[in-house]
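> Let me see the structure of the following:
(2 chains)
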Amino acid sequence: MNFNPFFQDSKTSARSGFLKTAHGRVQTPFFMPVETKAAAKFVSQEELDKMGVECFISNALLLHFKPGLEIVKKAGGLHKFLNWEKSIFTDSGGFQVIDEHFLLRINDAGAEFRDPFSGKRECITPEKAIAIQNSLGADVIMCLDDQPHFGRSKDSIAQAVKRTLLWAEKCKKAHSNKRQQLFGICQGGLHSDLRKKSIEGLLKIDFDGIAIGGFGIGEENAQMMKVVEKCVSLIPEEKPVYLMGIGSPKELVEGISAGVDVFDSCFPTRVGRHGMVFTRKGALRLEKAQFAKDFKQLDADCDCFVCRNYSRAYIHHLFKLKEPSGMRYLSHHNLHFLQRLVQEARQNIKENSFLKFRNQFLKNYSKKLL
RNA sequence: GCUGCGAUCGUCCAGUGGUUAGGACUCAAGACUGUGGCUCUUGAAACCCGGGUUCAAUUCCCGGUCGCGGCC
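A predicted model of the protein is given here:
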């Protein structure tokens, strides 16, 4: 059994256990930092390891473009190439379907992308997406999916659900590296009936885990959570549930409460690079003048090396002068913050006090600035 | 003392005889979610002073003040 959520909170759908991969156990629920191009921007692998990260996600399509499969293979696989002994997920490139910079066109056969480095066109079929990921050697790989833009008509989303299922079947058939787990991806936007159809189709094909895709692209938070709850209720408890692309502090706590086991998002590092810092009382924009003489640490409860060494005023100053170390410090802190948050969530699930923990967190966490 | 050049948002620069005077940076507010890394959106903010020409001057002319340079 690869997944065992042996602690179940009695008052919510939150659960905790582990996901077993070829590179060890990852405690669930967990949040994966994003290493699209085999690097977390401004944060080293060593730092991730030290803050307790047990798994991150990289992007197979981008690595296929550069440095290319040959080089990763020569290095001895993705783990060896970037020097990480714990678990790795790869995404198929499905998310790049909504990026007009990459996507040229899409039909049932696959998605045609432009390689940004060579300028060449390349059609990524479901089979090819799997072959690329089989070759890279991550522990968990993702099906190629068709992600509709936010705000599309229900018909258009239904078509994406259909195509994603068609591709899921092809991915399952093509998957040949049995050391890797393969997750299917559910689409359907905010439509519960489409989500149901999508999940039922995936369950028939039988994947190692089910991902909820298509969120974090503009929909309202409360609506998303409703649909997530609905999705979780349709997935058998022995399947890990992965909410793709989601990663604000509030969404993590709410997602865990809804029964999600796995998250990933570039949100904490991107907003960190733009001067936003997570605290237990809410997110702050550190560039504001009010922080110029604020010599407190970023978050009163945080023990990361940034909080232990540098004040808000100092990092405010770094941002004002556009010193890159400001981006580095906030990227580190925000990732550390989320790791601590999910660690505490796991602990509270084990002690069956998750509901209290969740409510306390949501009460303290306000989007309003301090 | 003489002479040349210049004077426009907080800063650096455009520009114009006719009330939307433009940009960059700064400042202010917001955004960011399966990552193209100093990002994106929005907002605030200025024609040195006095006179003259003109229907109309930030713009042209004269003088003043200030700044920079040259000459004595």
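> For RNA strand B, what's the nearest residue on chain A?
Scanning chain A for proximity to RNA strand B using CB to the nearest atom of the strand identifies A:Gly216 as nearest, at 2.0 Å. C-beta coordinates here come from the backbone N, C-alpha and C atoms, glycine included.
> any idea how far A:Phe89 is from that residue?
Counting by CB to CB, to the nearest Å, the gap from A:Gly216 to A:Phe89 is 16 Å.
> and the stretch 251-370 of chain A, which of its residues are near RNA strand B?
Contact residues, the stretch 251-370 of chain A versus RNA strand B (CB under 7 Å from any atom of the strand): A:251, A:264-267, A:269-271, A:273-276, A:285, A:287-289, A:320, A:322-324, A:327, A:367, A:369.
> Tell me the confidence at A:Leu370?
What the model reports as pLDDT for A:Leu370 is 41.
> Name the helix or strand for the residue of chain A most remote from its centre, please.
Computed with CA atoms, centre = their mean, the residue of chain A farthest from its C-alpha average is A:Lys293, at 35.2 Å. Element membership for A:Lys293, per DSSP states H and E: none, as it lies in no helix or strand.
> before we move on, what about A:Gln147?
With DSSP H and E as criterion, A:Gln147 is part of no helix or strand.
> Return the helix or strand in chain A with minimum mean pLDDT.
strand A:103-107 (a mean of 90; mean pLDDT, DSSP states H and E).
> who does it pair up with?
Strands adjacent to strand A:103-107 in the sheet, as given by DSSP bridges, are strand A:110-114 (antiparallel).
> next SSE after the strand it pairs with?
Going down the chain from strand A:110-114, the next helix or strand is strand A:121-124, by DSSP H and E.
> follow-up on the earlier one: can I have the buried ones of the residues of the stretch 251-370 of chain A next to RNA strand B as a ChimeraX selection?
The buried subset of these, as determined by 16 or more other CB atoms under 10 Å, is captured in ChimeraX by this line:
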select /A:251,264,265,266,267,269,271,273,275,276,287,327
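> Look up phi and psi at the residue nearest the centre of chain A.
Closest to where the C-alpha atoms of chain A average out (CA atoms, centre = their mean) is A:Asp264, at 1.3 Å. Note on A:Asp264: its backbone torsions stand at phi -150, psi 150 [degrees, to the nearest 10].
> Hmm, A:Gly245 and the residue of chain A closest to RNA strand B touching each other?
Yes. Here A:Gly216 reaches A:Gly245: they are 4.0 Å apart, a contact under CB atoms under 8 Å.
> The stretch 101-250 of chain A: helices as residue ranges?
Along the stretch 101-250 of chain A, counting by DSSP state H, counting those that start in this stretch, helices occupy A:126-136, A:154-174, A:192-205, A:221-234, A:249-257.
> Mean pLDDT added to those helices, as TSV?
Shown next, in TSV, are the helices of the stretch 101-250 of chain A (pLDDT from 0 to 100):
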stretch	mean pLDDT
helix A:126-136	97
helix A:154-174	97
helix A:192-205	98
helix A:221-234	96
helix A:249-257	97
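> any chance of those helices in JSON lines, plus distance to A:Tyr314?
Shown next, in JSON lines, are the helices of the stretch 101-250 of chain A (distance: least, CB to CB, whole Å):
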{"stretch": "helix A:126-136", "distance to A:Tyr314": "40"}
{"stretch": "helix A:154-174", "distance to A:Tyr314": "47"}
{"stretch": "helix A:192-205", "distance to A:Tyr314": "46"}
{"stretch": "helix A:221-234", "distance to A:Tyr314": "32"}
{"stretch": "helix A:249-257", "distance to A:Tyr314": "23"}
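> so what's A:Gly216 up against?
A:Gly216 makes contacts with A:244-247, A:265, A:267, as judged by CB atoms under 8 Å, 6 or more residues apart in numbering.
> one more time with 7 Å, if that's ok
Contact criterion CB atoms under 7 Å, 6 or more residues apart in numbering gives A:245-246, A:265 as the residues in contact with A:Gly216.
> between those, which is nearest A:Gln360?
Of all these, A:Ile246 has the smallest distance to A:Gln360: 21.2 Å, by CB to CB.
> what's the burial count for that closest one?
A:Ile246 has 23 neighbouring residues, counting by other CB atoms under 10 Å.
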